[in-house]
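> Need coordinates for the below:
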Amino acid sequence: MKIMKRALLSTVAVLLSAAAFAQTTTPSAPAPATPATRTEVKAEMKDLRKDVRAYDKEKAEAKKEIKKGDLAAAKADLTAAQADKKDIKADAKTLKSEGVKHPIKLADKEVKKIDEKDVKADLKDVKADAKTEQKDVKRGDLAGAQAAQADLKADKKDLKRDVRAARRDGIKHPIAKAK
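Numbers count the residues shown, from 1 in each chain. Down below sits the predicted model:
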């Protein structure tokens, strides 16, 4: 009799626990991001990168103006930089809510990567123009050499501009990193 009671009670307990587990729902995995949200995130990251670049540029211009002694222009640049900083924080908050971890650091890395890529492309163009100029001089083609020299001058100007932008964005030795 005692054995039957124990068996009956254990069976009832098993049935009740099974019923309790059957009623609880398992948490579903979050839905993967749809293509529409991925494009929105990419667009917002692009906007964040533009804001980071603008912030860096305004800060650099403010430093130049302070060195020149033009405090009014420096103050205007600093207020523009503060506005850019607010945009950066707002974009970062939006991106964090969409699941992007450390959006500002990510944007900084992407900006630096783009700068290095630009410097590397300019270095490649400068080397190619220098070789073309040397070949034209060896062949005796003065018109081709002058055209190559003009291209070389323009490419060096582009390289200089990209190196300045890279330094402003936080790369210490952009040409050395590009090689």
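
> where do the helices sit along the chain?
2-23, 35-68, 71-97, 103-139, 142-168, 174-178 (DSSP state H).

> Dump those helices into JSON lines; add mean pLDDT as well.
Below are these laid out as JSON lines (pLDDT from 0 to 100):
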{"stretch": "helix 2-23", "mean pLDDT": "86"}
{"stretch": "helix 35-68", "mean pLDDT": "89"}
{"stretch": "helix 71-97", "mean pLDDT": "93"}
{"stretch": "helix 103-139", "mean pLDDT": "93"}
{"stretch": "helix 142-168", "mean pLDDT": "92"}
{"stretch": "helix 174-178", "mean pLDDT": "83"}
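
> Take those helices and write them to TSV, including mean neighbour count.
For every residue, glycine as well, the C-beta is placed using N, CA and C. Formatted as TSV, the helices of the chain follow (neighbours: other Cβ atoms under 10 Å):
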stretch	mean neighbour count
helix 2-23	9
helix 35-68	16
helix 71-97	15
helix 103-139	16
helix 142-168	16
helix 174-178	17
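
> Tell me how this protein divides into domains.
33-101, 109-179 (automatic domain parsing).

> what's the straight distance from one end of the longest one to the other?
Distance between the boundary residues of domain 109-179 (Cα to Cα, to the nearest Å) amounts to 18 Å.

> quick revisit: tabulate the domains of the chain in a markdown table, adding columns for distance to Val14.
Below are the domains of the chain laid out as a markdown table (distance: least, Cβ to Cβ, whole Å):
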| stretch | distance to Val14 |
| --- | --- |
| domain 33-101 | 41 |
| domain 109-179 | 56 |
